[in-house]
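# Quick check, what structure comes out for this input:
(2 chains)
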Amino acid sequence: MKTLKPGLRLKSAVCATEIMVIRAPSLDAVLACGGTEMLGMAEAAPAGGAILSANHAAGTLIGKRYVDALDRVEVLCTRGGDGSLSLDGVAMTVKQAKALPSSD
Amino acid sequence: MNIAILLDMAADTWPTRTAVCCSGQSLTYEELRRLAAGTARRLRDCGARSLAFLDLNGPAAAVALYGAARAEVPHVPLNYRLSRGEIESLLRRLDEPLIVAASSQLEGLRLPADAQLTHSEALLREAPGQVAPVHAIEHDPDAIAVQLFTSGTTGAPKAAVLRHAHLSAYVLATVEFGSAGEDEAALISVPPYHVAGVAALLSSTYAARRMVILPEFDAAAWLELAAVERATQAFLVPTMLGRIVGQLQLSGEVPPSTLRAIAYGGGGMPGTVIERAMRLFPAVDFANAYGLTETSSTICLLGPEDHRSALASEDSEVRARLGSIGRPLPAVEVQIRDEAGNALGAGRHGLVFVRGAQVSGEYRESGSQLDADGWFGTRNRGWIDEAGYVFLDGRADDVIVRGGENISPGEIEAVLREHPAVYDAAVFAIASEEWGEAVGAAVVPLPGRNVTTVELQDWVRARLRGSRVPERVMLCDQLPYNDMGKLLRRELRREFGG
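Reported below is the predicted structural model:
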């Protein structure tokens, strides 16, 4: 369980995925990747080594944003990996960005 | 989120893609990241608490921006066009700076006692072998990323503060990661000390787009570079677009065929210029990107479809939208308020307020200017039409108070610019014994067209209330703009206002 707030960065315990929380109400939740709770950037992987769960292996893509089913929490994938993201056990989905004309 | 992460993501994914090219030099995304890491180390080693950048735009500006971000010290690009004395006084306002400057910029400059110095060319040399990606390091999203001195058209320059959270919110809300195709190139001709210059670097990085930098703008050089580098898009201030249009008309050249999109902003665009540009570049998507330094650049956008439908429309309301700043970005709210702070509905004129995660509204000296609900007062006057398009009337400071009646220069300028013989027009307060202030206008006729001041006064009288008719109209060859295309109304007031 971690307190999710914007700016928080987490890494997967089972794959290369790294994310940053973009939007969240101050919320205690289990943000998992590949079926195992994600770690703080400075946290060491638990001894014994968790493995990627086959039910959470759809993968993450760098630059994609993922939201939970209730659209409360949004994260940005800053590094892709083999696991897929879930919040309190429910899969997070890719948020479709609306294309804007270039302004710079 | 630290803006250096944007570069890390691009370098992780497309290490060998060209990031920046300029005057024969070029850097890949991986090289840019390595050099930024080198600059961050240099900043930490010398204990500097800010990076002052004093050079033309080029690869070193990108290295300085991301290097300062990695070291978590403010990047402070300075306007090299200012006088030596003005630059010295800005440098004295910085916290133990490392000054990164071109040798040519240092002549005759007296540096503060606590300043350290390095040449901008040095930023493009040393690079450490192994780079720890910045996303493996803890960073404070509320640290200051960039400090920009506003142009000071209304007084002494103010130090606007943009934190990592503001700039990254802007980029994440407007750019899809890695959305640029391999063939895309953005032609950047705005200076590094302007918010549009900062936004151009960040947006192109996150899109993984090749940046082609033109350090000193010149219309012929811009057209040549666009053709040689096969530029697909560009950002221009109105003065630049006006000169490019003039150059094409003069030479009869065809515009570069690779160009797909031109965004413009930084000052009011004369209707005649954008209409001519759209006819000269029929295949190009034009976008008016309106923003402020204090809002991390663009907050409102008039998109390509809006441009085309306005130009083609017979409906005067739709046509008028070409003179609007478009609609707020999806992550930005705009509100019009009266002097007492009450929100006003569509069609009502008042003060323009803006809110969103990219809005900083903060200055180094005076702190945050946001109200309790997070709104920032832009000090511009304007209104919103029924369809949500935002129109600006001008700065609140420019309002003419004629016998107790508030008159915004913008609406009179818009009417004057519609006159078939008028190229450009500016309206400002002149002293009046009878009214306190009265309406003055400076008008630039189109080359070869004759127009009298009486004709122009009649033109306004036929379209607006009598109090809006300029008491004096001065015909002139050009209006005073600063180098970013902002009209210097105070100069007009000084010259004609007495």
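# And the helices in chain A?
Taking DSSP state H, chain A contains no helices at all.
# Show me what from the stretch 151-300 of chain B comes close to chain A.
Taking C-beta under 8 Å from any C-beta of the partner chain, the part of the stretch 151-300 of chain B that reaches chain A is made up of B:165, B:172, B:174, B:176-178, B:186, B:196, B:199-200, B:202-204, B:233, B:235, B:261, B:263, B:265, B:285, B:287, B:289, B:297-298. (C-beta placed from N, C-alpha, C; glycine too.)
# Skipping adjacent residues, who's closest to whichever residue of the stretch 1-150 of chain B sits closest to chain A in space?
Ranked by C-beta to the nearest C-beta, the top residue of the stretch 1-150 of chain B for proximity to chain A is B:P141, at 4.0 Å. The shortest distance from B:P141 to any non-neighbouring residue, by C-beta to C-beta, 6 or more residues apart in numbering or on different chains, is to A:G7 (4.0 Å).
# which stretches of chain A form strands?
A:2-4, A:9-11, A:18-23, A:27-29, A:31-33, A:36-37, A:39-40, A:65-67, A:74-79, A:85-87, A:90-91, A:93-94 (DSSP state E).
# The ones you listed into TSV, with extra columns for distance to B:A64, mean pLDDT and mean neighbour count?
Converted to TSV, the strands of chain A look like this (distance: least, C-beta to C-beta, whole Å; pLDDT from 0 to 100; neighbours: other C-beta atoms under 10 Å in any protein chain shown):
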stretch	distance to B:A64	mean pLDDT	mean neighbour count
strand A:2-4	34	91	16
strand A:9-11	25	94	23
strand A:18-23	24	93	22
strand A:27-29	38	91	14
strand A:31-33	35	97	27
strand A:36-37	39	95	19
strand A:39-40	31	94	14
strand A:65-67	29	96	21
strand A:74-79	23	96	24
strand A:85-87	35	97	24
strand A:90-91	42	96	12
strand A:93-94	35	96	14
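# got those as a markdown table, with distance to B:L43 columns?
Output for these, formatted as a markdown table (distance: least, C-beta to C-beta, whole Å):
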| stretch | distance to B:L43 |
| --- | --- |
| strand A:2-4 | 32 |
| strand A:9-11 | 22 |
| strand A:18-23 | 24 |
| strand A:27-29 | 36 |
| strand A:31-33 | 33 |
| strand A:36-37 | 36 |
| strand A:39-40 | 26 |
| strand A:65-67 | 31 |
| strand A:74-79 | 23 |
| strand A:85-87 | 35 |
| strand A:90-91 | 42 |
| strand A:93-94 | 37 |
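# Residue 6: what's it in contact with?
Going with chain A. Neighbouring residues of A:P6 by C-beta atoms under 8 Å, 6 or more residues apart in numbering or on different chains: A:V21, A:I22, A:R23, A:A24, B:P141, B:A165.
# that's the wrong chain, I meant chain B
B:L6 neighbours (C-beta under 8 Å, 6+ apart): B:S168, B:V171, B:L202, B:T205, B:Y206.
# Relative to chain A, which residue of the stretch 251-400 of chain B is the closest?
For the stretch 251-400 of chain B, C-beta to the nearest C-beta, closest residue to chain A: B:A289, 3.8 Å.
# For the nearest residue to that residue once chain neighbours are set aside, the count of nearby residues, please.
Spatial nearest neighbour of B:A289, excluding adjacent residues (C-beta to C-beta, 6+ apart): A:S103 at 3.8 Å. Look at A:S103: counted by other C-beta atoms under 10 Å in any protein chain shown, it has 29 neighbours.
# Done for today, thanks.
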